[in-house]
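Chemist: Make a model of this:
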Amino acid sequence: MSEDDTKTAVIIEDDPDVRSLLDEVFRAAGFRTVLAGTGLEGVAAVAAHAPIITTLDINLPGIDGFEAARRIRAVSATFIIMLSALGEESDVVLGLTSGADEYLVKPFRPRELRARIEALLRRPRNADPVGTGPVGNGPAATSAAAGAAEPPRAASTAPESGAPVDGQPAPARNPSATAAVPTTGGAGHWHSHRDISLDPVTHTVLVAQREVELTPTEFDLLATLLESKRRVRSKADLALVLRGEAFGSASYVGEPDKRAIEAHMANLRRKIGDSTAEPRYIETVRGVGYRLTAHSDGAPALS
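Modeler: As a prediction, the model looks like this:
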């Protein structure tokens, strides 16, 4: 993938002044920008230019930002930053449910937007979220997907997330973690819990051997919980993961970020068929955070 592919941003905004400001912020961050004034133009621009980041207004001519996000998510793994004057919690939740990775309320501060852009760039990028082909149509992602190993059939067959493969451990998802995510061939790709399996190399998630489509944010949250196993991860921990920062770092995590984690977790549970009342995969530790459920079906726990 070329530098132009990895540093392209699509800006979908009908207000010329805001669009110009966004253009300046992204250009200052080293991006090539593609500007769109309507939702339909924006969806077409994402499909044509394969950006790594897309900003999306909600009140757009034609289709609104929520519908545009759904259509973008069907064809692209681009990180979506939703920008809107709608700041109610229900609007934020709807935006995240539609497929956005970040939600900023207007008027936003350019420095905060720049910080969120840099945080997204530190996160792993999903090459093919929906099975429609790799973003950017590069051969590398296609090759990786074609060579993906078969997932383990039971949780007991999955290796520890920190187990090296061929003696070559890869960097962990979180900078503070010592466990490594295997990146070479074989069944070591897969992390499993009960009948849910995740491959961090091809960004594939299977539930009962059926592929499930997740956004990049949902994928990162699930991968973190699978790697953490029965260790509880707080909402602040998970927010830091999405920023690309270490667990326990001194960075401030505000209530809006924690509410965003709640919304993303609700979406993740819905997509994998989990329930908060009778959790099969992910349980909430009230007042603390989230962790994998214990095994009660005779399979050994992943600890």
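Chemist: For the stretch 1-150 of the chain, which segments count as strands?
Modeler: According to DSSP state E, counting those that start in this stretch, the stretch 1-150 of the chain carries its strands in the segments 8-12, 32-36, 53-57, 79-84, 102-105.
Chemist: Does the biggest helix by length in the chain pack against any helices or strands, and if so which?
Modeler: Ranked by residue count and defined by DSSP state H, the top helix of the chain is helix 255-272. Judged by 3 or more CB pairs under 8 Å, 6 or more residues apart in numbering; DSSP states H and E, helix 255-272 is in contact with helix 89-97, helix 216-228, helix 235-243, strand 282-285. (Each C-beta comes from the backbone N, C-alpha and C, glycine too.)
Chemist: Include mean pLDDT when you put the strands of the stretch 1-150 of the chain into JSON lines, please.
Modeler: Formatted as JSON lines, the strands of the stretch 1-150 of the chain follow (pLDDT from 0 to 100):
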{"stretch": "strand 8-12", "mean pLDDT": "96"}
{"stretch": "strand 32-36", "mean pLDDT": "95"}
{"stretch": "strand 53-57", "mean pLDDT": "94"}
{"stretch": "strand 79-84", "mean pLDDT": "90"}
{"stretch": "strand 102-105", "mean pLDDT": "86"}
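Chemist: Name the spans of this protein whose pLDDT lies under the cut-off.
Modeler: Along the chain, the model assigns pLDDT under 70 to residues 1-6, 124-188, 246, 248-250, 296-303.
Chemist: Let me see the ranges of the helices in this protein.
Modeler: For the chain, applying DSSP H gives helices covering 3-6, 16-28, 39-49, 65-75, 89-97, 110-121, 139-146, 216-228, 235-243, 255-272.
Chemist: Rebuild the ones you listed as CSV, extending it with mean neighbour count and distance to His189.
Modeler: Below are these laid out as CSV (neighbours: other CB atoms under 10 Å; distance: least, CB to CB, whole Å):
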stretch, mean neighbour count, distance to His189
helix 3-6, 13, 23
helix 16-28, 16, 34
helix 39-49, 20, 28
helix 65-75, 21, 24
helix 89-97, 18, 28
helix 110-121, 16, 24
helix 139-146, 14, 10
helix 216-228, 24, 12
helix 235-243, 22, 20
helix 255-272, 18, 19
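Chemist: among those, which is nearest Val201?
Modeler: Closest to Val201 of the helices of the chain is helix 139-146 (CB to CB; 6.2 Å).
Chemist: Please report how far Arg259 lies from Thr54.
Modeler: 22 Å (CB to CB, to the nearest Å).
Chemist: try Pro200
Modeler: Counting by CB to CB - Pro200 and Thr54 are separated by 23 Å.
Chemist: So for those two, which residue has more residues nearby?
Modeler: Thr54 (28 against 21; other CB atoms under 10 Å).
Chemist: wait, what's in contact with the more buried one?
Modeler: By CB atoms under 8 Å, 6 or more residues apart in numbering, the residues touching Thr54 are Ala9, Val10, Ile11, Ile12, Gly42, Val46, Ile72, Ser76, Thr78, Phe79, Ile80, Ile81.
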